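>>> predicted coordinates and the sequence they were generated for:
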Amino acid sequence: MSVTVLVGSQWGDEGKGKIVDILSEKYEIVTRYQGGANAGHTVELENKKYVLHLIPSGILRDDVTCVIGNGVVIDPVALLEEIKFIESCGIKVEGRLFISHNAHLIMPYHKLLDSISESGENKIGTTGRGIGPCYIDKFARKGIRIVDLLDRKILERKIRENLKEKNNLLQKVYDHAALDVDEIIKQYQEFDKAIDVYVKDTPAYLNNAIEEGKSVLLEGAQGALLDVDHGTYPYVTSSSPTSGGACTGTGIPPTKIDSVYGIVKAYTTRVGNGPFPTELLDETGDKLRNVGAEFGATTGRPRRCGWFDAFLVKYSAMINGITDVAITKLDVLSSFEEINVCTGYEIDGKLLKSFPTDVDRLSEAKPVYETLPGWNEDISTCRSYVELPEKTKAYLKFISEKSGIKLNIISVGAKRSETFFV
């Protein structure tokens, strides 16, 4: 039996999709535990690129079963488009994908309210896909779940009750036209027919599978510093990407989890608003963005780029209980003469003892850097740790020691073949 949680250890976009694909060779079930279609997990196989938003990357391996857990909020349109895309690639989905009956549904009014909110002055920098408003309704106990699709009377009643409130808000507060309740009811009844074959009591399924000795990989979206509790609030996502969210998002108890894999990028990126101490607003930042192709897989937005932040990763390792680490995009640093690593923060000349998630203090924090020599040679053809240049090994050793992490996987390119275990 092996149950592993995989978490993004920075601000997301660390390359989780690729590492899930690599690790899923060793697991029988891959489960997504939070977030929604705001995630974009990219995997490159041979000459084809797959960008997955809801379905776990394990679907690309024929012998892996995939689960979308109860902690995920599901956009019906995005899900059906993704299933259609995967099947068009010759990959079987039916019988290999299960969706929790307790997962909440993103409704058209969630997307609209998200878009309106992001057009105002107090922007968070969301993807505008209705994730936040859906989670708001979930915790306000007004959410509509997959299980509600099974009873048309219940579904219609809930949609009418919710839309009465939402239309009142849209018309009187935002001066926006009302949404058609009958059209939405019809749309979601049709969705029920399309996904019925995938719906399952996933907590029971997963726990039974574990009892039978099957191995399970739990996949998070976004990153630890976007966690609604432990991230840089309010510039966070609306769920819990940290390892603790894996339990509530799947129904698997913490006593059954064996290890936590953290994914870190060889430098740091962030999408959306919020403080970013090591951000580079210069030619070096532009170079990282262009060489690393740092543009969102979901939105296409350019990512903010900066040096590796060991102080941040050390905090992330603590709150997630990270036991093993995969480092991605190491090859992006190959053309730099010198590489900076942030080893701590200071405010008013005083070193901080712990990572400040309070955004006002974090905005004041100045990174303390140590400079390492770059290796100035192509490492994309390396297929083992011993093949790496000595200066690359020195960089990996340095960030491991300063972050308090143990590196197990190294990625030197986008393809599956360009990844190896230490």
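Looks like it arrived, so ask away. In this text, all values refer to a predicted model and were calculated from it rather than measured experimentally. Numbering: from 1, shown residues only.

>>> for the worst-scoring helix or strand of the chain on mean pLDDT, buried residues please.
In the chain, no helix or strand scores lower on mean pLDDT, DSSP states H and E than strand 41-45, which sits at a mean of 75. Within strand 41-45, the residues that count as buried by 16 or more other Cβ atoms under 10 Å are His41, Thr42, Val43, Glu44. Bear in mind the C-beta positions are built from the backbone N, C-alpha and C, glycine included.

>>> do stretch 405-416 as well
Buried positions in stretch 405-416, judged by neighbour count with 16+ other Cβ under 10 Å: Ile405, Leu407, Ile409, Ile410, Ser411, Val412, Gly413, Ala414, Lys415, Arg416.

>>> report the two of these separated the most.
Pairwise distances across these (Cβ to Cβ) peak at 24.4 Å, for the pair Ile405 and Lys415.

>>> follow-up on the earlier one: closest to Ser335 among the buried residues of stretch 405-416?
Val412 (13.5 Å).

>>> what helix or strand does Gly213 sit in?
Taking DSSP states H and E as the criterion, no element holds Gly213; it sits outside all helices and strands.

>>> repeat that for Thr371.
strand 366-373.

>>> the helices in this structure, which residues?
Residue ranges of the helices in the chain, as given by DSSP state H, are 16-23, 76-88, 108-118, 131-139, 152-172, 181-195, 202-211, 244-248, 283-291, 310-320, 359-364, 390-403.

>>> and of those helices, who's closest to Val7?
Closest among those, using Cβ to Cβ: helix 310-320, at 5.2 Å.

>>> re the thing from before, angle of the strand holding Thr371 against helix 390-403?
Strand 366-373 runs at 150 degrees relative to helix 390-403, counting by axes from the mean of the first three to the mean of the last three Cα atoms, to 10 degrees.

>>> parallel or antiparallel, which strands does strand 366-373 pair with?
strand 338-347 (antiparallel) (DSSP bridges).

>>> next, the distance between the ends of stretch 213-227.
End-to-end distance for stretch 213-227, by Cα to Cα, to the nearest Å: 31 Å.

>>> I should have written stretch 174-190 there, sorry.
Span of stretch 174-190 from end to end, Cα to Cα: 30 Å.

>>> buried stuff in that stretch?
Neighbour-count burial for stretch 174-190 [16+ other Cβ under 10 Å]: Val181, Ile184, Ile185, Tyr188.

>>> need the contact list for the second one.
I take that to be Ile184. Ile184 makes contact with Met107, Pro108, Ile159, Leu163, according to Cβ atoms under 8 Å, 6 or more residues apart in numbering.

>>> out of the residues you listed, grab the one that's most surrounded.
Of all these, Met107 has the most neighbours under the rule other Cβ atoms under 10 Å, reaching 26 neighbours.

>>> and the residue positioned nearest the centre of the chain, how far from Thr278?
With distances taken as Cα atoms, centre = their mean, Ala221 lies nearest the centre of the chain, 1.9 Å away. Remark: distance between Ala221 and Thr278 (Cβ to Cβ, to the nearest Å) = 23 Å.

>>> pLDDT score for Glu387?
Note on Glu387: pLDDT of 97.

>>> what do you get for the one 5 residues further on?
Thr392 is assigned 98 on the pLDDT scale.

>>> for it, which non-adjacent residue is closest in space?
In this structure, Thr392 finds its nearest non-sequential neighbour in Trp375, 4.8 Å apart by Cβ to Cβ, 6 or more residues apart in numbering.

>>> can you count the residues close to that neighbour?
The number of residues near Trp375, taken as other Cβ under 10 Å, comes to 22.

>>> that one reaches Ser334, doesn't it?
Yes - at 6.5 Å, Trp375 counts as touching Ser334 under the criterion of Cβ atoms under 8 Å.

>>> just the terminal-to-terminal distance for stretch 35-52.
This stretch, stretch 35-52, spans 13 Å end to end (Cα to Cα).

>>> any chance you could list what contacts it?
If you take Cβ under 8 Å, 6+ apart as the criterion, stretch 35-52 is touched by 15-18, 20-21, 53-54, 57, 59-60, 72-75, 78-79, 82, 86, 89, 106, 126-127, 129-131, 134, 220-222, 237, 239, 241, 296-299, 414-416.

>>> now list the buried members of these.
When those are checked for burial by 16+ other Cβ under 10 Å, the buried set is 15-18, 20-21, 53-54, 57, 59-60, 72-75, 78-79, 82, 86, 106, 126-127, 129-131, 134, 220-222, 237, 239, 241, 296-299, 414-416.

>>> ok, now which ones touch the closest residue to Ser240 other than its chain neighbours?
Spatial nearest neighbour of Ser240, chain neighbours left out: Asp227 (5.4 Å); criterion: Cβ to Cβ, 6+ apart. When contacts are counted by Cβ under 8 Å, 6+ apart, Asp227 touches Val236, Thr237, Ser239, Ser240, Pro241, Thr242, Gly245, Ile319.

>>> since that was my last question, I'll sign off now.
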